[in-house]
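[1] Sequence first, predicted model second:
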Amino acid sequence: MEDFEIVDLYWVRSQDAIVRTAEKYGGYCRAIAQRILFSQEDAQESVNDTYLAAWNAMPPHRPAALQIFLGKITRRLSLKKWRDQTRQKRGGGQTALVLDELAESLPDKSGVEDQILGDELVRALNGFLEDLPETKRRVFLRRYWYFDSIDEISRDFGFSPSKVKSMLHRTREKLRSFLVEEGWK
């Protein structure tokens, strides 16, 4: 089923919209949630919450890219769940590591997610990413949007882990310089 047909199901309030969404994008959303939460149960809960959020958002919203729309919701809900959990148990893990790496390049220390949500900063970041060579952009997004591990990225791109780490470090430094030039830091 095409994305526009699934969105149309949401607009007519057909419960089949969630079934079709789960069939087409359930694995994609679970993968995002799993990389952030490291728990199948918590990931599935985030995915279910994603379906509810999509149901509540359509109408009035009609996403042009359903996969990206669902991915953003899943990521936001999973990060919120992760923050709530780590407040309680102060655990570590891959999610904390990824956010800490990126936080060094972003303005302020008042919360990476709060800063990224600002419309102007989002536009600046998108402009920065668009100017990167495709491979560097894909590696950067795999690490900081999808929370992939260094080993996963290395394997998928055929690079050594040290090359991936170096590429990410250089890109973060370039991002930091870009944000300074743009007046964000």
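    Right, received. Where do you want to start? Numbers count the residues shown, from 1 in each chain.
[2] and D42, what does it touch?
    Contacts for D42 (C-beta atoms under 8 Å, 6 or more residues apart in numbering) come out as 33, 78, 81, 85. (C-beta placed from N, C-alpha, C; glycine too.)
[3] Same check on K165?
    So K165 contacts I150 (C-beta under 8 Å, 6+ apart).
[4] just how off-centre is the helix or strand harbouring it within its chain?
    K165 is located in helix 161-181, with elements delineated by DSSP states H and E. Offset of helix 161-181 from its chain centre (C-alpha atoms, centre = their mean, to the nearest Å): 18 Å.
[5] Buried by neighbour count: which residues of that helix qualify?
    The neighbour-count check on helix 161-181 (16 or more other C-beta atoms under 10 Å) flags 164-165, 167-168, 171-172, 174-176, 178-179 as buried.
[6] same thing with stretch 63-76?
    By neighbour count with 16+ other C-beta under 10 Å, stretch 63-76 contains the buried residues 63, 66, 69-76.
[7] May I have the phi/psi pair for I36?
    I36 has phi and psi values of phi -90, psi -40 when expressed as degrees, to the nearest 10.
[8] what do you get for R13?
    Recorded main-chain torsions at R13 are phi 60, psi 40, according to degrees, to the nearest 10.
[9] residues contacting the residue nearest the centre of the chain?
    For the chain, W145 is the residue whose C-alpha lies nearest the centre (C-alpha atoms, centre = their mean; 3.7 Å). Contact partners of W145, counting by C-beta under 8 Å, 6+ apart, are R75.
[10] do W55 as well
    Contacts of W55 by C-beta under 8 Å, 6+ apart are 10, 17-18.
[11] Need these in JSON lines (columns: neighbour count).
    Listed next are the contacts of W55 as JSON lines, based on neighbours: other C-beta atoms under 10 Å:
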{"residue": "Y10", "neighbour count": "23"}
{"residue": "A17", "neighbour count": "22"}
{"residue": "I18", "neighbour count": "19"}
